[in-house]
Structure formats: structure tokens, C-alpha cells
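Undergrad: what's the 3D shape of this:
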Amino acid sequence: MRRDPGTIRGYSALALGMGMSGMVGIGRSYAARAIQLAEGYGSLPEIARVQLVLGVLSYGLAEWDNAEAHGEHARRCYERLGDRKRAQNSETMLIFIALLRGYISLADERLARLFAELSDNSPPQIRAWSLSLRALIDITRGGADAGCLDKLKALAGQRLIRTEQLLCTGVAAAGYLERGEAAVALELAERGLPILRECGVVWGGYAFGPADRRCLTEPLGASFRRGLFEHSKARRSWRAGSFPGSLEHRRSAVSTVC
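TA: Presented below is the predicted three-dimensional model:
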């Protein structure tokens, strides 16, 4: 017996939405049900989608082993389906996981393989993530590349959803600051602030998370502190149940990975 794919998608979306809303226990219950239904009744596309969405949930909870397992499963499924875009989505998540776990060489190797598959016609989302990864790895090693940062800056001005805009502006700002180009870094930080106010608690860390402690010193300190204050204020409002648009943000998160 095959269940309606919409039911399976619904459980995975609820798992991610509840987890992002702080109701982690409920989110885990929905996640378990989504996997059960997908593996018991779903076809390969449903299994792939559930694995990718739950990988994003585990990523957000810093459960790296689970996130990696879900991401690898999703990547293999999408490769079997011939869905190159979503296979690359899964791969970029796996590279971010390697980077955040401190496996810099592994992240660099996987990113090099990913870049070999990309072209100017690749989806903007994939280009935003891959260029941000390239810049973050270079920053970690103390040598941000000007060409990569220029591409990130240009990409941030294109028609991207808020998550990618924040990622591009935040990483590029940190990279330009690493190179000593404070004026350009400040411009990007200021550009990210309005997006940060719109996105609030869910995606707020994207704009300012990549910028390390050096960004809290002048002349960029005022902008970054203001952004962190706005993020903190939004989080307090959201916890009190008065954060506007939180449902929209959860829907946006699901559409980002699916």
C-alpha cells in the first residue's frame, strides 16, 4: 500500500517547522513518523526528500552524525533519480557539516569536486552556498580570495531568497574584513541589516555568524552589535509568541531545501 506523498511531505515539514520553533521533542516525533512512512510506503523521491529535510533539521540542532547520515542518504537517492540540483543541495550541506566539525581538508576536497560540476548556469542557490564555502575555508586558512569575494558580493545583489542574501553578505563581509578592506565589509554589513530584521530569529545567524570576534571592533563594531541586538530582540519576541511572520519563515525554510 502506497501512502499519499503529501502526507509524507507533511510530516517532514512539520518535523522541521517544530524543530525550528524550539519544540524539538515534537519535531523528533514527526521526523520518526516521516521516516517510517517514507521507507514503508514511499517511493524514492519521497525517501530522498525526507532524508534531506531531516538532514537540515539535524544540522540546525548541531547533531552532526545524524545530519551527515541523512545528507549522504539524500545525496545517493537524488543521484539515483538523476536530480542533479538536489544532489548538489545535499552535497553542500555535507561540506558545511565537515567545515563546522573542523574537517577543513575534507571540506576543501569535497568542495573542489562540487566546483568541477558547476557552471554559470548552475542555480543561484548552489552558487551562493559553494562560493560562501570557498570563502569560509579560505578565511579559516587566513587568505580570503578577492575574486571569490567579488563574486559573492555580486551574487548578493541578485534575486536570491533571504537566506542566501544573508549568507552572501555575511561571509563576504567577513572575507573583506580579513583582507583589511573595512569600507567594503561595512557596506555589506549594512546591506545585511534590513534582511536580518525581516528574518529575525530563524535565519539571523547567517549575516553575522561568519564574522568572527574581529568584527566586534571598530569601525564595523557598531553595525554588527546593532545586528546582534536586533536578532536578540526578535528572539525574545518570538519566544513570547509575538514574533511576526514566523510561519512564513518556517515555510521558507522548507522550500529552501525541497
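Undergrad: host element of the residue nearest to the spatial centre of the chain?
TA: Compute the mean C-alpha point of the chain, and by Cα atoms, centre = their mean the closest residue is residue 163, 6.9 Å away. When elements are assigned from DSSP states H and E, residue 163 belongs to helix 162-178.
Undergrad: Show me the shaky parts of this protein.
TA: 1-3, 199-258 (pLDDT under 70).
Undergrad: what about the helices in it?
TA: Taking DSSP state H, the helices of the chain run over residues 5-20, 24-41, 44-60, 64-81, 84-100, 104-117, 124-140, 146-156, 162-178, 182-199, 205-208, 221-239, 246-257.
Undergrad: Output the contacting helices and strands for the fourth one.
TA: Packing contacts for helix 64-81, counted by 3 or more Cβ pairs under 8 Å, 6 or more residues apart in numbering; DSSP states H and E, involve helix 44-60, helix 84-100. C-betas here are computed from N, CA, C, even on glycine.
Undergrad: Just put the ones you listed in a markdown table and tack on distance to residue 154 and mean neighbour count.
TA: Shown next, in a markdown table, are those (distance: least, Cβ to Cβ, whole Å; neighbours: other Cβ atoms under 10 Å):
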| stretch | distance to residue 154 | mean neighbour count |
| --- | --- | --- |
| helix 44-60 | 27 | 23 |
| helix 84-100 | 19 | 21 |
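Undergrad: Using JSON lines, lay out those together with distance to residue 131.
TA: As requested, the helices and strands packed on helix 64-81 are exported to JSON lines (distance: least, Cβ to Cβ, whole Å):
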{"stretch": "helix 44-60", "distance to residue 131": "19"}
{"stretch": "helix 84-100", "distance to residue 131": "11"}
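Undergrad: between these, which gets nearest to residue 10?
TA: helix 44-60 (10.9 Å; Cβ to Cβ).
Undergrad: other SSEs contacting that closest one?
TA: helix 5-20, helix 24-41, helix 64-81, helix 84-100, helix 246-257.
Undergrad: In a markdown table, list these along with distance to residue 123.
TA: Formatted as a markdown table, the helices and strands packed on helix 44-60 follow (distance: least, Cβ to Cβ, whole Å):
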| stretch | distance to residue 123 |
| --- | --- |
| helix 5-20 | 21 |
| helix 24-41 | 25 |
| helix 64-81 | 14 |
| helix 84-100 | 6 |
| helix 246-257 | 12 |
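Undergrad: Identify whichever of those helices lies nearest to residue 107.
TA: Using Cβ to Cβ, the nearest of the helices and strands packed on helix 44-60 to residue 107 is helix 84-100, at 4.0 Å.
Undergrad: Just want the angle from the closest one to helix 44-60.
TA: 20 degrees (axes from the mean of the first three to the mean of the last three Cα atoms, to 10 degrees).
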